[in-house]
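Enquirer: Sharing a model prediction with you, sequence too.
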Amino acid sequence: MGTKKRHGSTFGDVLRILFLGQKHTKLSLLEEEQMQSPYKTMLRNFTEKKPAMLGVYVFILIFLACFVLPLFFPLDLQYQDPTQQNVRPSMSFMSIPKALNGNIAQVDGGSVYGVGIDTNGTVYQWGVLNQKLQAVPTNMGRVVQVSAGLDHVLALNDRGQVFTWGNNRFALAPIPMEVGFTTIKQVIAGHQLSLALDTYGHLYVWGNSNIVNVVADDVQGNIEKVILNSNVAIALTKDHRVVQLSSRDTPFAAIPQEIQGKVVDLASTDRSAAAITNDKRVYVWGGQDHGVQEIPEHIQGKAIQIDAGRGHYTVLLDDGTVESWGWNIYKQSKAPNLKNIVNISSDYFQNYAIDKDGNIHTWGLRGYLMGTDQYGRDLFVRLISGGRITLTIGAIAVIISGIIGVIIGSFSGYYGGQIDILLMRLAEVVNAIPFLPLAMILSAIIGSKISETGRIAMIMVILGLLSWPSLARLVRGQILAAREQEFVTAAKAMGITELKIIFKHILPNVVTVILVNLTLSFALCMLYESSLSYLGFGVNEPSPTWGNMLFGCNDSTVMSQYWWRWVFPSIALSLCTISINMAGDGMRDAIDPKSAER
Amino acid sequence: MLKYVLKRLMYIIVVFLIASVLIFALYKSVPGDPARLMLEGSKQNMKPEEYEARYQEAVRKLGLDKPLPIQYFTWLGNTLRGDFGYSITYKMPVKQMIGVPMKNTIMLNVWSLIPVFAITIPLGIATAVRRGSRFDSIVQVVTIIGYSLPFFVIALLFIFLFAVKIPIFPISGVQTPGFTGSSIQLFMNKLYHMALPLIVMVFTSLGGLTRYVRATMIEALRMDYIRTARSKGLTEKVVIYSHAFRNALIPFITIMTGWFISIFSGSVVIERTFLWNGMGKVIIDALNQQDFAVSLAMVMFYLILALVGNLLMDLSYGLADPRVKLD
């Protein structure tokens, strides 16, 4: 060792360091002492460890992702959407095939997919398509109209024939006999329900009538156009009146009287309906969710076509531009500046606009980066917000356990004797009782009486209260060693109070060891929190954490079919704990050269 | 030695009393009136006066009319005599109810001990001896990853690989429902269902334990007696296995205490994920059904186990390490 030539001793070495960057050179002990404070040495030792630095970088990335990204992707706790359940990760909801560009005839959006036809009558599909949807009939001839529902499609060809594919349950597949005997002019696919309107204004209904029950007896033979949402069907009659096709009294029945007889186009979201009158004005009635009734003032008198998604409206104006308003959770009501548009189509969270050259423009929901869960919630948004909750709980639990551990450990170590024995026995017992069962019982007993925010606070306190023993023991050991040193004797001789000696003179010497322990138990607390939430005794729905996102995922259907529901939270949690542990491990080695050999 | 044992026993009794007061407080803060819960089913077919009389009788029987300190001592006495209370959902004493789950948990845990120790001890020793080598640093990183991964993530991963993608093991359960056959077939069937939880259990314990063996082993290898042994000319094998490892075993006793307790408590996460009918699942079910008598009986049981385990640990320290007796 000693005979080896030291780095940096020759001119060549100096040049190399200057131009190729400083590579750490091992200094002898004496030089090191002269040049660096202990903290600097620790920092340098730490930064030289590749796994530890990798851990730090990964953790910083995760931390930023969890605390910055939710500002851009806010979480709506109450949001659920049954039409978006268990959608696999994809960004293709609106990626229209290139073949359609320039010759598109009509387009319609389904829940998580889209259907379009070109001017030759060929059908194209895109988005998340299940096996049934992929089985497009081949004998349709020239298709002139398509309509996409929740999970089935209706198509109409130039001879007035109707075809259907996709979901074939609820009697959706067999097209009623009468439909074959007449000339159909409009097909509408909805929530497990199919409608067909013939040229004589007669409406045919088949499928599941439990969700939407269409009662059209009063207006049969007089219908011009029908629209369908997840609650009700509404018809526009040949004399420009609006009629609700339902036997129940719904908010949709509150049709403004002044528009009757003047309506030219009709659309409806899930909770409200809108109409355009012959003076190009827009009227909205029904529910007020998501600001659908706040019609932009400048479109009045210019609107010529209207369509709607689940909570937003899009209108085409007479100057060829489009305007959207209403629900904006997936930016679906943020219409781009378009010109020369001739036709629009809005569905669910998507919007399509066709210009006069047959090109198509889209805005709205393109898909889900990490898919959706069983309630149709975007997993990516839940993952980043859940990470924030998990990290916060872990951090506060660690702070609580740190305070308890330091106080108990210091008193135990400094005073010794009976106090020491009692406190350490207590620590042993708290440590010995299985952690999770005890935490679960505490959570179940206390948690039944408090609110959801209270519950999150409670989890922090429980984790903090149960995880202090290891730190207390460590602090005690360190204080025991420091107690006998001269500076403590000196402090005592000067008459400094005992509390001051413990917390001002001894503790700063052991603060690095405490920090390492806190880092490692931060990872542990996160693991405990997610285990508790995974078992259903931690943070509950709808608040997301990485643990409760995995609740109920040990089911074979979820495991195999909906892999994204367990893979992404698992990866996030594992990456986070691994990176913290690597950093903590590196820190331990860095502050204590002796333990580096461990 | 006797004095040492007596002193330890004293401490344990003090700690037990403190902890039992805390658990009793928890027991008292449980939502719901136990006397009313006892009469839950028979409320409909009783007149109000009759119900009131029965209720008062139940209150007397459960001792709820007595002052709190007396209730505490009655409860403590019952617990120490092995009477852990009455399960509302199973309609039988807790002691009787936990028989089967306890057997399942012990079976799973005892079986997992063998592979865990068979892997971690040699691996820990090997990394300690070859400290700083490439092999060591790889094992170090892998074990960090191993103990950082949450149990349920490992469990989900193994289910996905070995029960969904390559269906060689059943996803969950203790045995095939409605299984009939000879006792050997039944045993084999149980073993088959146990395989996946067992693998996961072994896998989850590897990381932490390997690191622990390595750390204690390095500590032992740094001792002066190792240098002496080497300078005496003993072979490396003898030095490592006979001199170092035996001394490294002393801190191992601490770990063994943990194992002793977990054999009876089981892993809540693994039992929940594999729907293994063990102690962990009993606790979850009891809590989900608000059967707090069961869950608190379990805490009390764990407390006693923990104390006994600690006592055993102290005693075995005393036996294994002569220096302990001195303080």
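Expert: Done, it's in. Quick caveat: nothing in here was measured; it's all calculated off a predicted structure.

Enquirer: CA atoms only: put stretch A:280-297 into PDB for me.
Expert: This file holds the C-alpha atoms of stretch A:280-297, laid out as PDB (Å, rounded to 0.1, in the frame of the first residue of the first chain):
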ATOM      1  CA  LYS A 280     -79.200  29.700 -34.200                       C
ATOM      2  CA  ARG A 281     -79.500  30.100 -30.400                       C
ATOM      3  CA  VAL A 282     -78.500  27.500 -27.900                       C
ATOM      4  CA  TYR A 283     -80.800  26.500 -24.900                       C
ATOM      5  CA  VAL A 284     -79.700  24.100 -22.100                       C
ATOM      6  CA  TRP A 285     -82.000  22.600 -19.500                       C
ATOM      7  CA  GLY A 286     -81.900  19.900 -16.900                       C
ATOM      8  CA  GLY A 287     -79.000  19.500 -14.500                       C
ATOM      9  CA  GLN A 288     -76.400  22.100 -13.900                       C
ATOM     10  CA  ASP A 289     -73.400  19.700 -13.300                       C
ATOM     11  CA  HIS A 290     -70.000  20.900 -14.500                       C
ATOM     12  CA  GLY A 291     -71.300  24.300 -15.600                       C
ATOM     13  CA  VAL A 292     -73.100  23.000 -18.700                       C
ATOM     14  CA  GLN A 293     -75.600  25.800 -18.400                       C
ATOM     15  CA  GLU A 294     -73.000  28.500 -18.700                       C
ATOM     16  CA  ILE A 295     -73.300  28.900 -22.400                       C
ATOM     17  CA  PRO A 296     -70.600  31.200 -23.900                       C
ATOM     18  CA  GLU A 297     -72.400  34.400 -24.900                       C
END
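
Enquirer: tell me the mean pLDDT over that stretch?
Expert: Stretch A:280-297 shows an average pLDDT of 82 in the prediction.

Enquirer: and what of stretch B:304-311?
Expert: On average, stretch B:304-311 scores 80.

Enquirer: Name the residues that touch that stretch?
Expert: In this structure, residues lying in contact with stretch B:304-311 by C-beta atoms under 8 Å, 6 or more residues apart in numbering or on different chains are A:428-429, A:432-433, B:8-9, B:12, B:15-16, B:257, B:260-261, B:264-265. (Glycine included, C-beta is placed from N, CA and C.)

Enquirer: which ones among the residues you listed are found in helices?
Expert: A:428-429, A:432, B:8-9, B:12, B:15-16, B:257, B:260-261, B:264-265 (DSSP state H).

Enquirer: ok, of the contacts of stretch B:304-311, which come out buried?
Expert: A:428-429, A:432-433, B:8, B:12, B:15-16, B:257, B:260-261, B:264-265 (16 or more other C-beta atoms under 10 Å in any protein chain shown).

Enquirer: so which pair among those residues is furthest apart in space?
Expert: Spatially, the most separated pair among the buried ones among the contacts of stretch B:304-311 is B:8 and B:265, at 22.7 Å (C-beta to C-beta).

Enquirer: Can you get me a residue count around residue A:237?
Expert: Burial of residue A:237 is recorded as 19 neighbouring residues (other C-beta atoms under 10 Å in any protein chain shown).

Enquirer: same thing with residue A:103?
Expert: Residue A:103 - counted by other C-beta under 10 Å - has 14 other residues nearby.

Enquirer: One more: residue B:218?
Expert: 19.

Enquirer: So whichever residue of the stretch 201-327 of chain B sits closest to chain A versus residue B:261, what's the distance?
Expert: Using C-beta to the nearest C-beta, the closest approach of the stretch 201-327 of chain B to chain A is made by residue B:306 at 3.3 Å. Counting by C-beta to C-beta, to the nearest Å, the gap from residue B:306 to residue B:261 is 6 Å.

Enquirer: Pull up the overlap in contacts between these two.
Expert: residue A:432.

Enquirer: And the longest helix belonging to chain B, what's buried?
Expert: Counting by DSSP H, the longest helix found in chain B is helix B:183-221. Across helix B:183-221, burial judged by 16+ other C-beta under 10 Å covers B:189-190, B:193-194, B:196-221.

Enquirer: Tell me where chain B has strands.
Expert: Using DSSP state E, the strands found in chain B span residues B:86-87, B:92-93.

Enquirer: So which of the ones you listed is nearest chain A?
Expert: strand B:86-87 (14.8 Å).

Enquirer: and the closest one, how far from the chain's centre?
Expert: How far strand B:86-87 lies from its chain's middle: 22 Å, per C-alpha atoms, centre = their mean, to the nearest Å.

Enquirer: can you list contacts of it?
Expert: Counting by C-beta under 8 Å, 6+ apart, B:92, B:93, B:94, B:97, B:286, B:291, B:293, B:294 sit against strand B:86-87.

Enquirer: and it, average pLDDT?
Expert: 75.

Enquirer: Likewise for stretch A:558-577?
Expert: Computed over stretch A:558-577, the average pLDDT equals 88.

Enquirer: then it to PDB, C-alphas only?
Expert: This file holds the C-alpha atoms of stretch A:558-577, laid out as PDB (Å, rounded to 0.1, in the frame of the first residue of the first chain):
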ATOM      1  CA  VAL A 558     -57.500  -8.700 -11.800                       C
ATOM      2  CA  MET A 559     -54.100 -10.400 -11.800                       C
ATOM      3  CA  SER A 560     -54.300 -11.700 -15.400                       C
ATOM      4  CA  GLN A 561     -56.800  -9.400 -17.200                       C
ATOM      5  CA  TYR A 562     -56.300  -6.000 -15.500                       C
ATOM      6  CA  TRP A 563     -52.500  -6.300 -14.800                       C
ATOM      7  CA  TRP A 564     -52.100  -2.500 -14.800                       C
ATOM      8  CA  ARG A 565     -54.100  -2.200 -11.700                       C
ATOM      9  CA  TRP A 566     -51.500  -4.000  -9.500                       C
ATOM     10  CA  VAL A 567     -48.300  -3.600 -11.600                       C
ATOM     11  CA  PHE A 568     -48.000   0.200 -11.400                       C
ATOM     12  CA  PRO A 569     -48.700   0.800  -7.700                       C
ATOM     13  CA  SER A 570     -46.400  -2.100  -6.900                       C
ATOM     14  CA  ILE A 571     -43.600  -0.700  -9.000                       C
ATOM     15  CA  ALA A 572     -44.000   2.800  -7.500                       C
ATOM     16  CA  LEU A 573     -44.000   1.500  -3.900                       C
ATOM     17  CA  SER A 574     -41.200  -0.900  -4.400                       C
ATOM     18  CA  LEU A 575     -39.000   1.700  -6.200                       C
ATOM     19  CA  CYS A 576     -39.600   4.200  -3.500                       C
ATOM     20  CA  THR A 577     -38.700   1.900  -0.600                       C
END
